[in-house]
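Trainee: Sequence and predicted structure are below.
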Amino acid sequence: MNKVERKLHTIDATEKAIGRIATEIANLLRGKHKPEYEAHLDMGDSVEVVNIKKAKFTGTKFNQKMYYHHSGYPGGLKETKIKDLFAKKPSEVLKKAVWNMMPKNKLRNEMIKRLTIK
């Protein structure tokens, strides 16, 4: 089996929508841009995102979108507005978007480790 050559891609998030950036990142992390792409192998590249604080949101998502998390106990549903999360950790909003676009299997953890957000 051949060794996978990984390149570093830098993406500037200035004035770009979070979802559009996340789609581009997910494809690069999976390796779908390569001619030798195979879905069951981790062949993707590394991605670095800069200027995430200058990313934009379309529509009313910034004020209305919620993230939910349940602790497993009765009454344990936690909700966080995207506006609050973006104020604290803007990188976490993009990471959650990319995470949900990745395949839900063993490869996802390894792929997401190659994402760096500054």
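Mentor: Here it is on my side, so go on. As the structure is a computational prediction, the values presented were derived from the model and not from experiment.
Trainee: Now do the phi/psi pair for residue 49.
Mentor: Backbone dihedrals for residue 49, given as degrees, to the nearest 10, come out at phi -110, psi 130.
Trainee: which residues does it contact?
Mentor: Residues in contact with residue 49 (Cβ atoms under 8 Å, 6 or more residues apart in numbering) are 10-11, 13, 21, 25, 91, 94, 115-118. Where C-beta positions appear, they are placed from N, C-alpha and C, glycine not excepted.
Trainee: Likewise for residue 16?
Mentor: 55-56.
Trainee: how near is it to residue 72?
Mentor: Distance, residue 16 to residue 72, using Cβ to Cβ, to the nearest Å: 36 Å.
Trainee: and if you look at residue 54?
Mentor: 37 Å.
Trainee: what about those two, which has more around it?
Mentor: residue 54 (12 against 5; other Cβ atoms under 10 Å).
Trainee: doesn't residue 18 make contact with that one?
Mentor: No - look at residue 54 against residue 18 with Cβ atoms under 8 Å: they stay out of range, at 11.4 Å.
Trainee: hmm, back to that, and the contacts of residue 49, which of them are buried?
Mentor: Neighbour counting with 16 or more other Cβ atoms under 10 Å marks 11, 13, 21, 25, 91, 94, 115, 117 as buried within the contacts of residue 49.
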